[in-house]
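# The amino acid sequence is not available; the structure is as follows:
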């Protein structure tokens, strides 16, 4: 059992879950470094990115009416941003490669 003197980790809440899944999609799209390697992917993994986005969409559907306004807004914005990023990357218009 952990002692009260040990530092506690970050607060785990709904927004942390959304952020985790969203970050995963961004890494798979090659727009952020992979935390395990510290390197960006040379080629996007669209299937894995889509899976993370689909999980967030399912989470949105299953939690509809049970979230705070802040949580619902955070999830809505995350999904919108990820979907737009997915389209940009799939068309070769990656924001990371913009001048």
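Happy to help now that I have it. The structure displayed is predicted, hence computed values, not measured ones.

# Show me where this protein has its helices.
Counting by DSSP state H, the segments of the chain that form helices are 14-28, 46-63, 69-90.

# Return the set of buried residues in stretch 74-93.
Under the neighbour-count criterion of 16 or more other Cβ atoms under 10 Å, stretch 74-93 has 74-75, 78-79, 82, 85-86, 88-89 buried. Just so you know, the C-beta spots here come from the backbone N, C-alpha and C atoms, and that holds for glycine as well.

# ok, now which ones touch residue 25?
By Cβ atoms under 8 Å, 6 or more residues apart in numbering, the contact list for residue 25 reads 48-49, 52-53, 56, 82, 85-86.

# can you put those in a markdown table and add pLDDT and distance to residue 32?
Formatted as a markdown table, the contacts of residue 25 follow (pLDDT from 0 to 100; distance: Cβ to Cβ, whole Å):
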| residue | pLDDT | distance to residue 32 |
| --- | --- | --- |
| 48 | 96 | 13 |
| 49 | 97 | 11 |
| 52 | 97 | 12 |
| 53 | 98 | 15 |
| 56 | 98 | 16 |
| 82 | 98 | 12 |
| 85 | 96 | 10 |
| 86 | 96 | 14 |
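
# between the residues you listed, which is closest to residue 17?
When these are ranked by distance to residue 17 (Cβ to Cβ), residue 56 comes first, at 9.2 Å.

# That closest one: how many residues sit nearby?
21 (other Cβ atoms under 10 Å).

# For it, give its distance to residue 16.
According to Cβ to Cβ, to the nearest Å, residue 56 stands 13 Å off from residue 16.

# cool, and residue 10?
Relative to residue 16, and taking Cβ to Cβ, residue 10 is found at 7 Å.

# which of these two has more neighbours?
residue 16 (11 against 6).

# and the gap between the more buried one and residue 23?
Residue 16 is 10 Å from residue 23, by Cβ to Cβ.

# follow-up on the earlier one: now for the helices of the chain, which one comes closest to residue 37?
Closest approach to residue 37 among the helices of the chain is made by helix 14-28 (9.9 Å; Cβ to Cβ).

# show me the contacts for the most centrally placed residue in the chain.
By Cα atoms, centre = their mean, the chain has its centre lying nearest to residue 22, at 0.5 Å. Contacts for residue 22 (Cβ under 8 Å, 6+ apart) come out as 52, 56, 78, 81-82.
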